[in-house]
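1. Have a look at this fold, sequence not included:
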């Protein structure tokens with residue numbers, strides 16, 4: 001018999017956020033016959049944590065498990081609080097490890113982390129990076145389940161690079177270093193390249209106005225689309241030929257996985273979980289963080305070596321095909337049953 005699951009975390013839907021991980025996973029699990037109740041969708045942080053706590057008391061006794069989205073910054077404390085409520089009512093819980101900065105949290109707050117993670121039924125890590133970090137810190141109950149996608153929804157197109165058309169897809173937040181994308185475009189144009197840049201994503205911390213002003217100061221035209229649905233941005237991607245990921249902290253970003261599925265060669269900073277997702281010069285290129293020159297050098301390699309583009313994109317597509325839900329779902333079913 002399929003299980004009843006209480007899913008606690010970010011169930012928000014707004015112009016300032018991308019579609020949450022919770023929405024995708026809960027729908028996928030329901031298709032497999034699980035009964036999933038998601039909390040919470042309140043935008044106000046105080047109301048959100050209160051709703052999660054009260055919902056755990058109210059619905060938890062009738063549920064088999066709780067899933068808890070666990071991030072590394074302020075939302076870490078949401079997970080900590082509701083995990084202790086789960087313990088109080090004896091509801092087995094499973095944190096899902098999202099935060100790219102969780103390794104620092106393990107180091108800075110070992111006692112709080114132990115309180116949250118040690119009693120858990122399992123720790124689900126979407127990346128090999130966090131799996132290895134948590135095991136290094138002595139946690140043995142870590143299960144690797146990668147972020148999934150429905151591969152048939154991603155049309156693979158490996159394209160030659162004549163005019164450099166850069167695509168950046170992420171929430172506008174300082175930790176993702178969006179201004180670096182502007183620096184990359186500027187250097188490409190200054191060295192005589194024909195190049196353009198499109199930046200897709202919602203504004204989460206006010207960064208987009210700063211990035212737009214920075215581009216204007218440099219006299220650059222950049223396309224800013226704001227938040228797009230998955231279908232719209234993956235369709236837009238057909239018009240671009242290089243995907244850049246400029247982040248300073250990361251785990252296993254879905255947008256990068258999707259770019260790999262679409263046939264866009266990916267150039268990313270080599271931070272956090274990115275070296276665990278991308279094998280340098282096998283299915284993508286990795287460069288140091290906050291280094292526009294390194295990005296430009298990598299872009300030039302792709303432009304000058306079409307055979308490298310073909311190699312990287314074909315191998316990237318083969319890798320992410322193993323992240324298809326039809327493959328990944330068996331791991332979730334094993335954890336939840």
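-> Received, thanks. This structure is a prediction, so every number in the text was calculated from the model and none was measured. Numbering: from 1, shown residues only.
2. For residue 255, give its distance to residue 203.
-> Look at residue 255 and residue 203: by Cβ to Cβ, to the nearest Å, they are 16 Å apart. All C-beta spots, glycine's among them, are computed from the backbone N, C-alpha and C.
3. what's the answer for residue 320, then?
-> The gap separating residue 320 from residue 203 is 28 Å, by Cβ to Cβ.
4. just so I have it, where are all the helices in the stretch 151-300 of the chain?
-> 179-190, 207-217, 230-236, 254-262, 274-277, 292-304 (DSSP state H, counting those that start in this stretch).
5. ok, residue 105 - contacts?
-> 72, 76, 99, 113 (Cβ atoms under 8 Å, 6 or more residues apart in numbering).
6. Just flag the most distant two among these.
-> Farthest pair in those (Cβ to Cβ) is 99 and 113. Separation: 11.5 Å.
7. And the pLDDT at residue 217?
-> Residue 217 carries a pLDDT value of 98.
8. err, residue 24, not the other one
-> We note a pLDDT of 88 for residue 24 in this prediction.
9. number of nearby residues for the closest residue to residue 118 other than its chain neighbours?
-> Closest residue to residue 118 apart from its sequence neighbours, by Cβ to Cβ, 6 or more residues apart in numbering: residue 139 at 7.3 Å. Neighbourhood size, residue 139 [other Cβ atoms under 10 Å]: 19.
10. go on, residue 37?
-> Using other Cβ under 10 Å, residue 37 is surrounded by 16 other residues.
11. residues in contact with the closest residue to residue 92 other than its chain neighbours?
-> Distances taken as Cβ to Cβ, 6+ apart place residue 121 nearest to residue 92, at 4.3 Å, with adjacent residues excluded. By Cβ under 8 Å, 6+ apart, the residues touching residue 121 are 65, 92-94, 141.
12. can you do 10 Å?
-> 65-66, 86, 91-95, 141, 143, 335-336 (Cβ atoms under 10 Å, 6 or more residues apart in numbering).
13. Give me the below-cutoff pLDDT ranges for the protein.
-> For the chain, applying pLDDT under 70 flags the ranges 1, 12-19.
14. So which residues of it form strands?
-> Secondary structure of the chain by DSSP state E: the strands cover 4-8, 35-39, 65-70, 93-97, 123-125, 142-144, 164-169, 195-200, 223-226, 242-245, 266-269, 285-287.
15. would you list those strands in CSV and tack on distance to residue 27?
-> CSV is the format used below for the strands of the chain (distance: least, Cβ to Cβ, whole Å):
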stretch, distance to residue 27
strand 4-8, 11
strand 35-39, 8
strand 65-70, 13
strand 93-97, 15
strand 123-125, 17
strand 142-144, 21
strand 164-169, 21
strand 195-200, 22
strand 223-226, 24
strand 242-245, 26
strand 266-269, 26
strand 285-287, 32
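16. closest to residue 301 out of these?
-> Per Cβ to Cβ, nearest to residue 301 of the strands of the chain: strand 285-287, 7.2 Å.
17. Name the residues of that closest one that are buried.
-> Neighbour-count burial for strand 285-287, counted by 16 or more other Cβ atoms under 10 Å, picks out 285-287.
18. number of nearby residues for residue 258?
-> For residue 258, the neighbour count with other Cβ under 10 Å is 22.
19. likewise residue 86?
-> For residue 86, the count of nearby residues is 24 (other Cβ under 10 Å).
20. for the one 3 residues further on, same thing?
-> Applying the criterion other Cβ under 10 Å, we find 12 residues in the vicinity of residue 89.
21. ok so, going back, closest one to residue 108 among the strands of the chain?
-> Closest to residue 108 of the strands of the chain is strand 65-70 (Cβ to Cβ; 15.2 Å).
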